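Participant: requesting a structural model of the entry that follows:
(one chain, ligands or ions: 1)
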Amino acid sequence: MALYLKAAEILDKVERKEGAVKTLVYDSKFQNIKQLFALVCEAQKFSAVLQDIITATKLLKDTKLRMNLAKVLVYDLLIGQGLKCGGSWKAMMTKHRSRLQSELARMKIKKKVSRNQDLLSTSSGQIEGNQLPRYVRVNTLKTTVEDVIDYLKREGFNYHGQAGRMEDLRTLSGKTFILDLHLPDLLVFPPKTDFHDHFLYQAGHIILQDKASCLPAYLLNPPAGAQVLDACAAPGNKTSHLAAIMRNKGKLFAFDLDAKRLSTMSTLLLRAGVTCQQLANQDFLKVDPESPEYSRVEYILLDPSCSGSGMVCLRDGCSEPQEGAGRLQALAAFQLRCLNHALRFPSLRRLAYSTCSIHTQENEEVVSACLQHNRGYRLVPLLPGWPERGLPPAPVPAGQPGHHSHPRLLRGRPGAPSRGGGRGGRGGGEGSGNAFANQPSNQCQTPSHR
Ligand SMILES: C[S@@+](CC[C@H](N)C(=O)[O-])C[C@H]1O[C@@H](n2cnc3c(N)ncnc32)[C@H](O)[C@@H]1O
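Facilitator: Below is the predicted model of the structure:
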């Protein structure tokens, strides 16, 4: 019962705009945070469907339940894994079960869908995530883009070549797909195309990874043979992308604090054919940059824990994601510590920092603060065709070391490999991106969303 009361309370608070789901769940002190978070997210996702069922069956009148309490109970009864309570609530809900089930079935027939999931895109509470293209990264450790395209064509998919503009990604429908505009190993399918049971996915030939999540490794672009460090790595999608870019040659140190996530990562990397990794269940902040083991680390990917406010699935139903100020501050402080720590590796040439947050506190402000403390580093312009740049970092005060009158116009050392701006890039001029530099040999770049 406590689970449902707490979940309903959080939904009430979200409606009153008292905070984002993740923060409210986190702050609830409920003993099983994961279970609570999953229930709240699902009930919120299916909110419009649940409301329609509850209204049509007059459940509130008959049971005297509040709407959000009814929603979480009906969710678990009809869509989730069954009620996790006993006593009077279970008896009450069981009494109404067949009426509620009939209403759900009627709704599916009316909308001409067979799965509960498919009700989402047709309900009034349409979710944004459902409208995003399905991105599929070709795992070049196991296959080639050409082979995957051929395979899918033989299965009846129509390949429309490389996208020429962003609009091409939005107009995909049916069994069509295209090659992404920016990333050479990324295929784009219409929203909701499901590959989870597909042979190519099961065999690790394709990875289901959003475009935003592909940017950090793509932009870091470590060459084959390099020594690379992935600081907060699990579950490892970016790690496997890095390994693919390095063609499994070199060394990829990957750390994560969470043993369970690291073990999942280990399985995923095996499936993806990654062999150049060295995993460690370790706090990155306790990794010694001066250790001889890391003396040749030249590339670091830093994708630390964040508020997740930029993840579409977590924003569903919230018009304006709101984080508790205290939590954001704590996250930003942690991210800054990680970033400052990463810049202490003596051979570091380039670092990619990413979050899936939409808050400037976790993005631009962290980068600005870091650059203020690490005058040997600068941002460099990458991916010039990318439309979103975020805010420029606070300028270094005039007269102080590292001051540049037009920091956005500075670039990394000529010849230092960089996507979009240097070797192997796609052209584009100085200052065309969210990138800064001040010491020739070190680069720090910030794709700000995963
Ligand atoms: C955003 S997730 C990383 C996602 C991953 N880069 C990917 O693409 O699959 C952040 C990860 O950082 C880990 N983490 C948090 N604090 C850490 C620390 N001090 N040291 C190492 N890992 C940490 C968390 O366990 C979590 O798995």
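Participant: who's in contact with the lengthiest helix in the chain?
Facilitator: The longest helix of the chain (DSSP state H) is helix 87-111. Under the criterion Cβ atoms under 8 Å, 6 or more residues apart in numbering, residues 1, 4, 49, 52-53, 56-57, 59, 62-63, 73-74, 77-79, 83, 114, 116, 118-119, 122 lie in contact with helix 87-111. Quick note: C-beta positions are derived from backbone N, CA and C, even for glycine.
Participant: select only the buried ones of the residues you listed in PyMOL?
Facilitator: Buried residues among those (16 or more other Cβ atoms under 10 Å), as a PyMOL selection:
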select buried, resi 4+49+52+53+57+59+63+73+74+77+78+79+83+116+119+122
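Participant: check which helix or strand covers the closest residue to the ligand within the stretch 201-350 of the chain.
Facilitator: Nearest residue of the stretch 201-350 of the chain to the ligand (Cβ to the nearest ligand atom) works out as C232 at 3.1 Å. Using DSSP states H and E, C232 maps to neither a helix nor a strand.
Participant: skip the chain neighbours and tell me the closest residue to it.
Facilitator: Nearest non-adjacent residue to C232, counting by Cβ to Cβ, 6 or more residues apart in numbering: P304, 4.7 Å away.
Participant: what about the contacts of helix 87-111, which are in helices?
Facilitator: 4, 49, 52-53, 56, 59, 62-63, 73-74, 119, 122.
Participant: any chance of a markdown table for those, columns distance to L187?
Facilitator: Listed next are the ones in helices among the contacts of helix 87-111 as a markdown table, based on distance: Cβ to Cβ, whole Å:
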| residue | distance to L187 |
| --- | --- |
| Y4 | 42 |
| V49 | 31 |
| D52 | 36 |
| I53 | 37 |
| A56 | 41 |
| L59 | 44 |
| D62 | 50 |
| T63 | 48 |
| L73 | 41 |
| V74 | 38 |
| L119 | 28 |
| T122 | 26 |
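Participant: flag the least confident of those residues.
Facilitator: Scanning those for pLDDT, the smallest score is found at T122, 49.
Participant: all strands of the stretch 251-400 of the chain, in order?
Facilitator: Under the criterion DSSP state E, counting those that start in this stretch, strands of the stretch 251-400 of the chain are mapped to 251-256, 277-281, 297-302, 350-353.
Participant: S266 is nearest to which of the ones you listed?
Facilitator: Closest to S266 of those is strand 277-281 (Cβ to Cβ; 6.2 Å).
Participant: and the contacts of that closest one?
Facilitator: 233, 239, 243, 251-259, 262, 265-266, 269, 287.
Participant: and stretch 21-30, what's buried?
Facilitator: Those would be 21-26, 28, 30, for stretch 21-30 by 16+ other Cβ under 10 Å.
Participant: got those as JSON lines, with distance to the ligand columns?
Facilitator: JSON lines is the format used below for the buried residues of stretch 21-30 (distance: Cβ to the nearest ligand atom, whole Å):
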{"residue": "V21", "distance to the ligand": "17"}
{"residue": "K22", "distance to the ligand": "13"}
{"residue": "T23", "distance to the ligand": "16"}
{"residue": "L24", "distance to the ligand": "20"}
{"residue": "V25", "distance to the ligand": "17"}
{"residue": "Y26", "distance to the ligand": "14"}
{"residue": "S28", "distance to the ligand": "20"}
{"residue": "F30", "distance to the ligand": "20"}
